[in-house]
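Trainee: Give the three-dimensional model of this entry:
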Amino acid sequence: MSNSSVQAVLLAAGKSARFNTKKTKLCHIICGQELIAYPAKLLARMHIPTTCIVSHQKEDIIATLACHDIPNISYVDQGEPKGTGHALLTALPSLSAQHVLVMNGDVPLITEELLTLLLEKHIKEEAAASFIISHSFSPSSSGYGRVIKQGESVEIVETKYNPDLSSESGFINAGIYIFKKSFLDNTLPNITPNNESGELYITDLIGAANAQGGRVCTITAPFDSIRGVNTLKDLWAVEHIKRSELITHWMNQGVRFIAAQNVYLDLNVSIENDTVIWPGCILTGNTHIGHGCTIGAYSCITDSTIHDGALIHPHSFILNSIVHQSAEIGPFAKLRLSSVGERTIIGNFVEMNRSSAGARTKAKHLTYLGDTCIGMQANIGAGTITCNYDGVSKHKTVIKDRAMIGSNNALIAPITIGKNAVTGAGSVLTEDVPDNAFSVSRSPQITKDHYSETLRLNTLAKTYLNAPESEPTT
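Mentor: Got it, this is the predicted structure:
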């Protein structure tokens, strides 16, 4: 169905009072994306031009949506919010399409299928107003307006003003509407404010349509599809549903989750089949995990690419990095802005920052590699560090193909270790090492025969002389 006759109004002016946070709820994150971005991007995918009504923290909302490069979206400042009806009235001069879709900015689970179904029924029935309803087992505690049907008449009753009113049907209003533009032009300016709050409500338009003899249509949707977010508890519930949808999708693509309920997964993460994700993993940002990988328990991977067959051991941290085919990382490894070559091993308690390691290189234990470029088939001994910072600037270390760095080396950058070069354990190196050379830098070892007993006695004497005097006895 073409949506050329439809415009949307996205309501984003509320103060998020029930969140009790300084930041508007619409900029809180669900599965790696701001709450307001979900409905805005959905409308963009449906090619429906959108007017976003803003007021509270409008600069933050506009900046957030600008980051997503959403086409055909404009903004209207509501000023001091006076209800949903006032928000729609503020947008009315900017609307020209035949039909107007109105929805809240806090419905991240709504689907294109439901909106399309609502549009099709609204147009087919030539309705003045149409909206989505859902069944609730406890409408009095849900905070949603209740839907009262009597024959052809449909009414929405706000719970907070009628807390004792029962609804035999148990249906609630989802807050997603479509109106004929001509009906809005004739009716919306004449809606009167609520006596208690002084606000204008969109829900009163449904009663007005009934009073005018206009057709009012509804479609029914599962409650989980239309959930709004009014509290941090709601945010938690909605994110759990969204994350379950994502994990189910990747399961259907052949990804094994050992304990799916304990995995945190973002919207833009992609995973290929035959990969196994162990419990406690956090996969966020624009992360791609290839075919046949294993992601060990409690690993955290953000904005990174893990190529086919890679093995990520537990408790590894990978940020803005590339791990190539069949490489092995961790446990307890940390990669930042780094690249690890094919079949390379970056082992336990090894950190790489702004560094690269070529194919089949090994750095297996207790090592820091900062601003370091390592060639192929090199070996980095345990305890090695590249000293890249002199207090003012960062400097580069280059370790060429097949170099062997002894254990507990300190390589003072800038420095280059040549091809096939070997450095002795415990060395502090400040000068380049040529290809095929051996370099060692240590203090000479001193050994004194039969001196250990003397050393212990000297140590005890010093301890006695430095001991505080005993307190006199009385």
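Trainee: count of neighbours near Ile282?
Mentor: Neighbourhood size, Ile282 [other C-beta atoms under 10 Å]: 15. For every residue, glycine as well, the C-beta is placed using N, CA and C.
Trainee: Repeat that for the one 10 residues further on.
Mentor: Residue neighbour count, defined by other C-beta under 10 Å, stands at 17 for Gly292.
Trainee: what about the chain, any weak spots by pLDDT?
Mentor: 1-2, 137-143, 151-152, 159-169, 195, 464-474 (pLDDT under 70).
Trainee: Determine the longest helix present in it.
Mentor: When the chain is scanned for its longest helix (criterion: DSSP state H), the result is helix 232-252.
Trainee: all helices for this structure, in order.
Mentor: Using DSSP H, the helices of the chain run over 37-45, 58-67, 84-91, 112-124, 139-142, 181-187, 203-211, 223-226, 232-252, 452-465.
Trainee: which helices and strands does the longest helix of the chain pack with?
Mentor: Counting contacts by 3 or more C-beta pairs under 8 Å, 6 or more residues apart in numbering; DSSP states H and E, helix 232-252 packs against strand 29-30, strand 256-257, strand 264-265.
Trainee: quick one on the thing from earlier: want to throw the helices of the chain into a markdown table with distance to Thr384?
Mentor: Below are those laid out as a markdown table (distance: least, C-beta to C-beta, whole Å):
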| stretch | distance to Thr384 |
| --- | --- |
| helix 37-45 | 44 |
| helix 58-67 | 41 |
| helix 84-91 | 62 |
| helix 112-124 | 54 |
| helix 139-142 | 60 |
| helix 181-187 | 71 |
| helix 203-211 | 68 |
| helix 223-226 | 53 |
| helix 232-252 | 38 |
| helix 452-465 | 31 |
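Trainee: Return the most buried member of those.
Mentor: helix 84-91 (a mean of 23; mean count of other C-beta atoms under 10 Å).
Trainee: That one to helix 203-211, inter-axis angle?
Mentor: Interaxial angle of helix 84-91 relative to helix 203-211 (axes from the mean of the first three to the mean of the last three C-alpha atoms, to 10 degrees): 90 degrees.
Trainee: Look up how far Phe171 lies from Val323.
Mentor: Going from Val323 to Phe171 by C-beta to C-beta, to the nearest Å gives 51 Å.
Trainee: Give me the more crowded residue out of those two.
Mentor: Set Val323 next to Phe171 and count neighbours by other C-beta under 10 Å: Val323 wins out with 29 against 22.
Trainee: Is it possible to get a markdown table of the helices and strands packed on helix 232-252 that adds mean neighbour count and distance to Ser316?
Mentor: Listed next are the helices and strands packed on helix 232-252 as a markdown table, based on neighbours: other C-beta atoms under 10 Å; distance: least, C-beta to C-beta, whole Å:
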| stretch | mean neighbour count | distance to Ser316 |
| --- | --- | --- |
| strand 29-30 | 18 | 23 |
| strand 256-257 | 18 | 18 |
| strand 264-265 | 20 | 15 |
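Trainee: Which residue ranges make up the domains of this structure?
Mentor: Here the domain parsing of the chain from automatic domain parsing is 6-226, 232-439.
Trainee: Those domains into TSV, with extra columns for distance to Thr454?
Mentor: Below are the domains of the chain laid out as TSV (distance: least, C-beta to C-beta, whole Å):
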stretch	distance to Thr454
domain 6-226	66
domain 232-439	26
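Trainee: could you check the angle helix 37-45 makes with the longest helix of the chain?
Mentor: Going by the same axes, to 10 degrees, helix 232-252 makes 50 degrees with helix 37-45.
Trainee: quick one: contacts of helix 232-252?
Mentor: Identification of contacts with helix 232-252 by C-beta atoms under 8 Å, 6 or more residues apart in numbering yields 19-21, 25, 28, 30-31, 35, 108-109, 224, 227-229, 257, 260, 263-267, 269, 271.
Trainee: Buried among the residues you listed? Make that a ChimeraX selection.
Mentor: Buried residues among those (16 or more other C-beta atoms under 10 Å), as a ChimeraX selection:
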select :19,25,28,30,31,35,108,109,227,228,229,257,260,263,264,265,266,267,269,271
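Trainee: Tell me the spacing between Thr384 and Glu125.
Mentor: Relative to Glu125, Thr384 is positioned 74 Å away (C-beta to C-beta).
Trainee: same thing with Cys373?
Mentor: 67 Å.
Trainee: before we move on, what about Phe179?
Mentor: 13 Å.
Trainee: Would you mind telling me which of those two has the busier surroundings?
Mentor: Using other C-beta under 10 Å as the criterion, Phe179 and Glu125 rank with Phe179 on top: 28 against 12.
Trainee: my read: that one touches His99, true?
Mentor: Yes - at 7.1 Å, Phe179 counts as touching His99 under the criterion of C-beta atoms under 8 Å.
Trainee: Kindly tell me how buried the closest residue to Ala357 other than its chain neighbours is, as a neighbour count.
Mentor: Nearest non-adjacent residue to Ala357, counting by C-beta to C-beta, 6 or more residues apart in numbering: Ile374, 4.4 Å away. Neighbour count for Ile374, taken as other C-beta under 10 Å: 29.
Trainee: wait, what's in contact with Ile374?
Mentor: Contact analysis of Ile374 by C-beta under 8 Å, 6+ apart lists 355-358, 361, 363, 380, 399, 403.
Trainee: count of residues packed around Pro93?
Mentor: When neighbours are counted by other C-beta under 10 Å, Pro93 registers 8.
Trainee: repeat for the one 10 residues further on
Mentor: Number of residues near Met103 (other C-beta under 10 Å) recorded here: 26.
Trainee: dump the residue contacts of it.
Mentor: Contact analysis of Met103 by C-beta under 8 Å, 6+ apart lists 8-11, 39, 110, 175-177.
Trainee: Now distance to Ser443 too, for the residues you listed, in JSON lines please.
Mentor: Shown next, in JSON lines, are the contacts of Met103 (distance: C-beta to C-beta, whole Å):
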{"residue": "Ala8", "distance to Ser443": "75"}
{"residue": "Val9", "distance to Ser443": "76"}
{"residue": "Leu10", "distance to Ser443": "71"}
{"residue": "Leu11", "distance to Ser443": "73"}
{"residue": "Pro39", "distance to Ser443": "68"}
{"residue": "Ile110", "distance to Ser443": "70"}
{"residue": "Gly175", "distance to Ser443": "76"}
{"residue": "Ile176", "distance to Ser443": "76"}
{"residue": "Tyr177", "distance to Ser443": "81"}
